[in-house]
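Colleague: one predicted model, sequence on top.
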Amino acid sequence: MTHEIIISGFGGQGVMAIGKTLAEAGMHEGLAVSWLPSYGPEMRGGTANCAVVLTSGEIISPMVQEPTELIAMNKPSLTKFEPTIAPGGMVFVNSSITEIKAQRTDIVAYYIPCLEIAHELGSAKVANMVMLGAYIAATGFIRPETIREMLTHIFTGPKAALVELNVEALRRGAGCVDG
Amino acid sequence: MKELWKGNEAVAEAAMRAGCRYFFGYPITPQNEIPEYLAKHMPARGGVFVQAESEIAAINMIYGASGAGARVMTSSSSPGISLKQEGITYLACAELPAVIVNMMRGGPGLGNIAPSQADYYQATRGGGNGDYRTIVLAPASIQEAADFTQEAFDLADVYRMPVIVLADGTIGQMMEAIEWRTPPRRELPAKEWATNGHRGERPHNIINSLFLDVADCEEQNCRLQERYELIAERETRYEEYMAEDAEVLFVAYGTSARLARAAVLKLRAQGVKAGLFRPITLWPFPEVALHARAAMPSMKAVIAAEMSTGQMIDDVKLAVNGIRPVYLVGRSGGAMPMPMELVELALEVLA
């Protein structure tokens, strides 16, 4: 089992954080993982993407040319990376700010209104967690409990309340791909 | 237990685990997480972190601290490493141990901040003046970045010379799961030459890279060369991947070796017997082993893959010594030799 994922969006959308969370969760699930940022003279509002490889075998190359899944947090990301997705792959589109649809018919597309859901939950900051929830639900190789466990280590003390907010964001994201 | 580490931070942590308590550096992308991490953690472990006023100042602080017997490190990226060359040749001549990390970026000049391997000549030929060498370790993963940084300090102390950890922006920025482990123990000589305080209990030590007398200077050169020969004998390292029955052999180090490995698997899936030879020490270059591999009767061609317009290929050609054709996939400016390019060239040269 190998997943090669490109996660792309504007700087500030939590694109790198989605990737790091996936990589760490994969590691806790016993997979070999790598996380490679496209680092550039980038800033909030600029473009950002990262490549994550998760595999039950050995990571050959951390560079992803033909992703099995694309997470597109904005329209330019969908336009840029859709052509690179492996046949039979998946794309997750942040439909809150992407009015276009995926063009290809040999991939499965999910449209997640990340921002609307995040606003309903009371914090725009969890939009990326909504997307992550959709991803792990559709792909099914990372258990939500693994991420929940990680969250309890990240958010401690006065921030402990954020665990439930993030877990709810994951759950709502998952709801977008179930059935 | 496995932990997720970013390359730059793993290098910084590895240095402290190896007993480095003095870091002098100057910021430059894509290695900034090294000084950032050390600025935060070095003082808490009783060490000294100095952001110098320039790269030149930093390498000369290395000279001073190393001369006093301390384990020292500096890090930078390509243009910053160019500025350090005078200090490195002084370290080499004065026989001072030091670890220098270069997270290479696109050049020449200020270039860009994308990953590159175009400082191969500079690192392996001695980028400064005079006849000297530095041991050059090339990690291809975050695990190796952590392991080799620790080993670099021992190598520097054993052979009393600067050791370069040569990686690129990809290794610096990437995160992988690693395990912390200590390198195999080496017998470390006492630093009897150090210019530390001794309350008049021994004659003064002098650390110097000036030998005005011709005979003295040649003698110093011969001393260094003898040591370099010893290092070539003892410390040359490489790794092979599916090379035993190969008809086409990629030679690549660091990040390029990861890509070449993917190309090997793609070719094997098509029934082409491809293999990889990965130099781990770029100096000393594993020329004897590479020659032996290239000389196998099954071998038809050798392909150097690097993130430069062709630097390591010189060492590959010296090793292969004309017995097989040597081709190049060389990308520059932040571009990489992608697996499909390597596959296409391999198929072309075998046709």
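Modeller: Ah, there it is.
Colleague: what does chain A have sitting close to chain B?
Modeller: A:20, A:23-24, A:27, A:32-37, A:39-41, A:59-63, A:65 (C-beta under 8 Å from any C-beta of the partner chain). Using the backbone N, CA and C atoms, a C-beta is placed for each residue, glycine as well.
Colleague: just the buried residues from those residues, in ChimeraX please.
Modeller: Per 16 or more other C-beta atoms under 10 Å in any protein chain shown, the buried members of those correspond to this ChimeraX selection:
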select /A:20,23,24,27,32,33,34,35,36,37,39,40,59,60,61,62,63,65
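Colleague: all strands of chain B, in order?
Modeller: Assigned by DSSP state E, the strands in chain B fall at B:3-6, B:22-25, B:48-51, B:72-76, B:98-104, B:135-137, B:162-168, B:175-178, B:238-241, B:248-251, B:274-279, B:281-283, B:301-306, B:326-330.
Colleague: how about JSON lines for the ones you listed, with mean pLDDT added?
Modeller: Conversion of the strands of chain B to JSON lines gives the following (pLDDT from 0 to 100):
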{"stretch": "strand B:3-6", "mean pLDDT": "97"}
{"stretch": "strand B:22-25", "mean pLDDT": "98"}
{"stretch": "strand B:48-51", "mean pLDDT": "98"}
{"stretch": "strand B:72-76", "mean pLDDT": "98"}
{"stretch": "strand B:98-104", "mean pLDDT": "98"}
{"stretch": "strand B:135-137", "mean pLDDT": "98"}
{"stretch": "strand B:162-168", "mean pLDDT": "98"}
{"stretch": "strand B:175-178", "mean pLDDT": "97"}
{"stretch": "strand B:238-241", "mean pLDDT": "98"}
{"stretch": "strand B:248-251", "mean pLDDT": "98"}
{"stretch": "strand B:274-279", "mean pLDDT": "98"}
{"stretch": "strand B:281-283", "mean pLDDT": "98"}
{"stretch": "strand B:301-306", "mean pLDDT": "98"}
{"stretch": "strand B:326-330", "mean pLDDT": "98"}
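Colleague: which of these sits closest to B:Gly111?
Modeller: Taking C-beta to C-beta, strand B:98-104 is the member of those nearest to B:Gly111, at 9.6 Å.
Colleague: adjacent strands (with direction) for that closest one?
Modeller: Applying DSSP bridges, strand B:98-104 is found paired with strand B:72-76 (parallel), strand B:162-168 (parallel).
Colleague: from the chain's centroid, how far away is the first one?
Modeller: Taking the mean C-alpha point of strand B:72-76 and that of its whole chain, the gap between them comes to 13 Å (C-alpha atoms, centre = their mean, to the nearest Å).
Colleague: put the alpha carbons of it into PDB.
Modeller: Extracted in PDB, the C-alpha atoms of strand B:72-76 (Å, rounded to 0.1, in the frame of the first residue of the first chain):
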ATOM      1  CA  VAL B  72      32.600  23.100  16.700                       C
ATOM      2  CA  MET B  73      30.200  23.300  13.800                       C
ATOM      3  CA  THR B  74      29.100  25.900  11.300                       C
ATOM      4  CA  SER B  75      26.400  25.600   8.700                       C
ATOM      5  CA  SER B  76      25.400  27.500   5.600                       C
END
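Colleague: helices or strands next to the longest helix seen in chain B in the packing?
Modeller: In chain B, taking DSSP state H as the definition, the longest helix is helix B:214-235. Here helix B:214-235 touches helix B:85-93, helix B:142-159, going by 3 or more C-beta pairs under 8 Å, 6 or more residues apart in numbering or on different chains; DSSP states H and E.
Colleague: looking at those helices, which is nearest to chain A?
Modeller: helix B:142-159 (8.3 Å; C-beta to the nearest C-beta).
Colleague: distance of B:Ala156 relative to A:Gly12?
Modeller: 42 Å (C-beta to C-beta, to the nearest Å).
Colleague: higher neighbour count, those two?
Modeller: For B:Ala156 and A:Gly12, the more surrounded residue by other C-beta atoms under 10 Å in any protein chain shown is B:Ala156, and the numbers stand at 26 against 12.
Colleague: what separates the nearest residue to the more buried one once chain neighbours are set aside from B:Cys217, distance-wise?
Modeller: Of all residues not flanking B:Ala156 in the chain, B:Pro97 sits nearest, at 3.5 Å (C-beta to C-beta, 6 or more residues apart in numbering or on different chains). Distance, B:Pro97 to B:Cys217, using C-beta to C-beta: 22 Å.
Colleague: same check, this time on B:Ala232
Modeller: 23 Å.
Colleague: contact partners for B:Asn196?
Modeller: Contact analysis of B:Asn196 by C-beta atoms under 8 Å, 6 or more residues apart in numbering or on different chains lists B:68-69.
Colleague: low pLDDT regions in chain A?
Modeller: Low-confidence segments of chain A (pLDDT under 70): A:40-45, A:179.
Colleague: Serialize the strands paired with strand B:98-104 to CSV and add fields for mean neighbour count.
Modeller: Below are the strands paired with strand B:98-104 laid out as CSV (neighbours: other C-beta atoms under 10 Å in any protein chain shown):
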stretch, mean neighbour count
strand B:72-76, 29
strand B:162-168, 29
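Colleague: between the ones you listed, which one is closest to B:Phe277.
Modeller: strand B:162-168 (17.4 Å).
Colleague: roughly how far out does the closest one sit from the chain middle?
Modeller: Taking mean C-alpha positions (C-alpha atoms, centre = their mean), strand B:162-168 and its chain are 3 Å apart.
Colleague: can you check stretch B:208-218 too?
Modeller: 28 Å.
Colleague: what residues does it touch?
Modeller: Everything outside stretch B:208-218 that qualifies as a contact, by C-beta under 8 Å, 6+ apart, is B:89-90, B:93-94, B:219-220.
Colleague: buried sites along it?
Modeller: Applying 16+ other C-beta under 10 Å to stretch B:208-218 flags no residue as buried.
Colleague: all set now, cheers.
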